[in-house]
Structure formats: C-alpha cells, structure tokens
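In: Need a 3D model of the sequence below.
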Amino acid sequence: MATALRLSFRWVWWWAIVLMAGLVQAQAQPIQVTDDRGRTVLLPAPPQRVVSILPSLTETVCALQQCQRLVGVDRFSNWPAAVQALPQVGGGIDPNIEAIVALRPDVVLVATSSRGSERLEALGLKVVALEPKTHADVQRVLGTVARVLGLPPGDAQRLWHQIDAGVQAAAQSLPAGVRQTRVYFEVNRAPFAAGASSFIGETLTRLGAQNIVPAELGPFPKLNPEFVVRANPDVIMVGDRNFAGLTDRPGWSRIRAVSRGQMCVFSNQEADTIIRPGPRMAEGARLLADCLRRYAQP
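Out: Got it, this is the predicted structure:
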C-alpha cells in the first residue's frame, strides 16, 4: 500500500509540474497587436513593465486590474491616486525620452498624436499608439490594451459592459424635458468644442441633449466664437481651468445660457473625468446628467 501511495504521489507531482510548465509557457506566448497607426507590434511575452503617456490609457491599465505593471506615467495621469507616486516622464507633446528609456519598459503606451514614438522605437522600445475618440473607440481600445497585457478578452468585455450600463443608467435617470436642451461643451478656450461625433457628444446624445456642434465639423473642432453666439445654446458646459474670460467674449452676454446663468463649470477633477475617453466614462455621464437635470425644461 505504501508503494502505491508513493506512486500516486509521484503521478500527482508529475502532473503538477506539467501543468505549471504549460501555464508558464502560455504566459510567455508572443503577443501581436495592430495599433491606431496601423502598425503591427510584436511583444515576445506579456509586458511586466509598462509606461503610459496618455491619462486614459493609464486609467485603462488600472481598470483592468493591472496597475502594478505601470512603472512610469505622463504628468497628467492622476487616477487612480496610486499612479501619482510613479515617475513622471513628461507629456504627449514633450515626452522625456531619456527618462522613459531609463525605466526599461517592455512596452510604451502613447497617443497617436504623441511625439517621440519614432525615437523610442529607434532606441529599441516597443510602442503601441492608441487614441480613442468615440464610444466604439473606447470599447476597441479596452480590448487592445487587454491583448497587449496578455489578458483574456472577457476582462475587457466585462469592463465595457459596466461602462455602457453606467452611461445608460445616467440617461434613464433624466426627465423627458432634457430632450429640448441645446448644449455647448467647451473642451479648450481656443475655443475647441466637443462635437456630436466625439465620445462626449455621443454621451450627450445618449442623455437626450442636443449638441449645437454638428457631427460634420469633426469630434473636437476649433470654432469661431461667433458660431456659438449664433447657435445660442441653452446650457454651456466647461471645465474650471477653461472658464476664465468665457463670458467676456464679444457677444457672449447675449447667449441664452450666459444671460440666464445656465452654465455648469466643472472642477478640474470632474473635468478630467468627463474629457478622458476611458473606463470612467459612466462617471462622466453622471456628471453631465446632473448638469442637464439642473436646467432641463419643465
């Protein structure tokens, strides 16, 4: 009987070794993705050291429960709070190439508009460029980041369903009067606006509001301030960092939203939540819904 037990133990031990070897081999499988530049990026194994130079990508990594893989972020990444303790490597327009290289990343996540990608690749680093601008883009980028990290597709799918359900819940919480509300959302004081085809515009549409900036002008068009005067929105939405001087623009005192004081000025933290196309989109939708509820037509 003792001999049989020893043999049984050996078989169990042998199968455990085989299973562990298979798991390690599966984890070390090469990963291939196509980024938003149309470039194919081949990673020899799931990256354990990740640098992110776009806040929405930083948030996506963390929302996929992989924050521990981040070793560096851009200066604007501030959520979740833990990433604020990581080394900062500049921003999209001024990445600190030396600092990034010094962190020895397995992959660098950047926006397609980021500078320095070619330089990083020339230095031998793997670069994946992603820049979501619509709801569909956010869903796609979630899946791409999950693949880059070697995660099963279900992780990204579950996260997207949570985001989408949160946006829908915000929409269902609003009264019918919101559908008569014409909205202008200013992203930057240039002024750049969130058009109907942007992810912010799509959220506003799902909430029932009418965006004064039509889809044909593009996701985030730069406008002539007179365009907003002529459109005469009922509600203006803007972040606090871009609010200074807005009401002093020529003719803007005649805009219905300004004359009636129907403006939502979001704190910097709230604005970050709203303008980042990523895992906090449902929270952003709730902030927009709270504003619309305040000024909804009876």
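In: Run the chain-centre distance for stretch 197-217.
Out: In terms of C-alpha atoms, centre = their mean, to the nearest Å, the centre of stretch 197-217 is found 18 Å from the chain centre.
In: residues contacting R293?
Out: The contact partners of R293, by C-beta atoms under 8 Å, 6 or more residues apart in numbering, come to 173-175, 178. Where you see a C-beta, it was placed from the backbone N, CA and C, and this is true even at glycine.
In: do the same with G218
Out: Neighbours of G218 in contact, by C-beta under 8 Å, 6+ apart: 195, 197.
In: quick one: it and S259, what's the gap?
Out: 29 Å (C-beta to C-beta, to the nearest Å).
In: what do you get for V187?
Out: Plainly put, V187 is 23 Å away from S259 if you go by C-beta to C-beta.
In: More neighbours: those two, which one.
Out: V187 (23 against 12; other C-beta atoms under 10 Å).
In: Wait, the more buried one touches G195, no?
Out: No. V187 lies out of contact with G195 (C-beta atoms under 8 Å); the separation is 9.6 Å.
In: Spell out which residues are contacts of both of the two.
Out: Contacts common to V187 and G195, judged by C-beta under 8 Å, 6+ apart, are F220.
In: Specify the local secondary structure of the closest residue to A193 other than its chain neighbours.
Out: Closest residue to A193 apart from its sequence neighbours, by C-beta to C-beta, 6 or more residues apart in numbering: V213 at 4.7 Å. V213 falls in the coil class when you classify it by DSSP: H, G, I helix; E, B strand; the rest coil.
In: Could you check the pLDDT of V213?
Out: Listed pLDDT for V213 reads 98.
In: What is the burial count for it?
Out: V213 has 27 neighbouring residues, counting by other C-beta under 10 Å.
In: if I look at it, how far off is A285?
Out: Using C-beta to C-beta, V213 is found at 18 Å from A285.
In: where in the stretch 101-250 of the chain is pLDDT low?
Out: Flagging of the stretch 101-250 of the chain using pLDDT under 70 yields an empty set of residue ranges.
In: quick one, longest strand in this structure?
Out: As assigned by DSSP state E, the longest strand anywhere in the chain is strand 182-188.
In: Now do whichever helix or strand comes after that one: which elements does it pack against?
Out: Per DSSP states H and E, the first helix or strand lying C-terminal to strand 182-188 is strand 192-193. Contacts defined by 3 or more C-beta pairs under 8 Å, 6 or more residues apart in numbering; DSSP states H and E place strand 192-193 against strand 182-188.
In: ok, and what's touching stretch 151-163?
Out: Under the criterion C-beta under 8 Å, 6+ apart, residues 63-66, 138-139, 142-143, 145-147, 279, 281-282 lie in contact with stretch 151-163.
In: how about that stretch: buried residues?
Out: 151, 155-156, 159-160, 163 (16 or more other C-beta atoms under 10 Å).
In: The closest residue to L217 other than its chain neighbours - how many residues pack around it?
Out: Of all residues not flanking L217 in the chain, G195 sits nearest, at 5.2 Å (C-beta to C-beta, 6+ apart). Applying other C-beta under 10 Å, we find 23 residues neighbouring G195.
In: quick one, phi/psi of G195?
Out: phi -80, psi 170 (degrees, to the nearest 10).
In: And for S253?
Out: phi -70, psi -20.
In: List the contacts of G251.
Out: 225-226, 229.
In: how close does it sit to V228?
Out: Counting by C-beta to C-beta, the gap from G251 to V228 is 9 Å.
In: which one of the contacts of G251 is nearest S267?
Out: P225 (24.2 Å; C-beta to C-beta).
In: pretty sure that closest one is touching P250, no?
Out: Yes. At 7.2 Å, P225 counts as touching P250 under the criterion of C-beta under 8 Å.
In: Look at these two and report which has more neighbours.
Out: More crowded of P225 and P250, by other C-beta under 10 Å: P225, with 13 against 9.
In: How about that one, nearest residue that isn't a chain neighbour?
Out: R249 (5.1 Å).
In: Please enumerate the helices of this protein.
Out: 2-27, 55-63, 97-102, 117-122, 135-148, 153-172, 199-206, 225-231, 256-259, 268-275, 281-295 (DSSP state H).
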